[in-house]
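J.: Here is a sequence with its predicted model. Questions after.
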Amino acid sequence: MIKVGKFIGQVKAEMKKVAWPTKPELIGSTLVVLVSTFALALYIGACDMFFSRFVNLLVSGVFK
């Protein structure tokens, strides 16, 4: 039990050293993540659509 108490004391000491973001920083970072995730999803979706149509053209024999 002494080790557990020592561990909890060390965790509390380390948590005091953490530089927590302010609310505006947190909101800004969240918006950056959401916008970049949405943009990446659109890009991957467009690439998938392009390549699936290209493969369908190859399979259907358009380029024979």
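T.: It's in.
J.: Check the gap between residue 26 and residue 33 for me.
T.: 11 Å (Cβ to Cβ, to the nearest Å). Quick note: C-beta positions are derived from backbone N, CA and C, even for glycine.
J.: actually residue 11, not the one I wrote
T.: In terms of Cβ to Cβ, residue 11 sits 27 Å off from residue 33.
J.: same deal with residue 4?
T.: 36 Å.
J.: For the helix or strand hosting residue 12, C-alpha coordinates in CSV please.
T.: Using DSSP states H and E, residue 12 falls within helix 2-17. C-alpha atoms of helix 2-17 as CSV (Å, rounded to 0.1, in the frame of the first residue of the first chain):
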residue,chain,number,x,y,z
ILE,A,2,2.9,2.3,0.5
LYS,A,3,3.9,2.0,-3.1
VAL,A,4,0.3,2.9,-4.2
GLY,A,5,0.3,6.0,-2.0
LYS,A,6,3.7,7.1,-3.3
PHE,A,7,2.5,6.5,-6.9
ILE,A,8,-0.6,8.7,-6.3
GLY,A,9,1.6,11.4,-4.8
GLN,A,10,3.9,11.4,-7.8
VAL,A,11,0.9,11.5,-10.2
LYS,A,12,-0.5,14.6,-8.3
ALA,A,13,2.9,16.3,-8.5
GLU,A,14,3.2,15.6,-12.3
MET,A,15,-0.4,16.8,-12.9
LYS,A,16,0.5,20.2,-11.4
LYS,A,17,3.3,20.6,-14.0
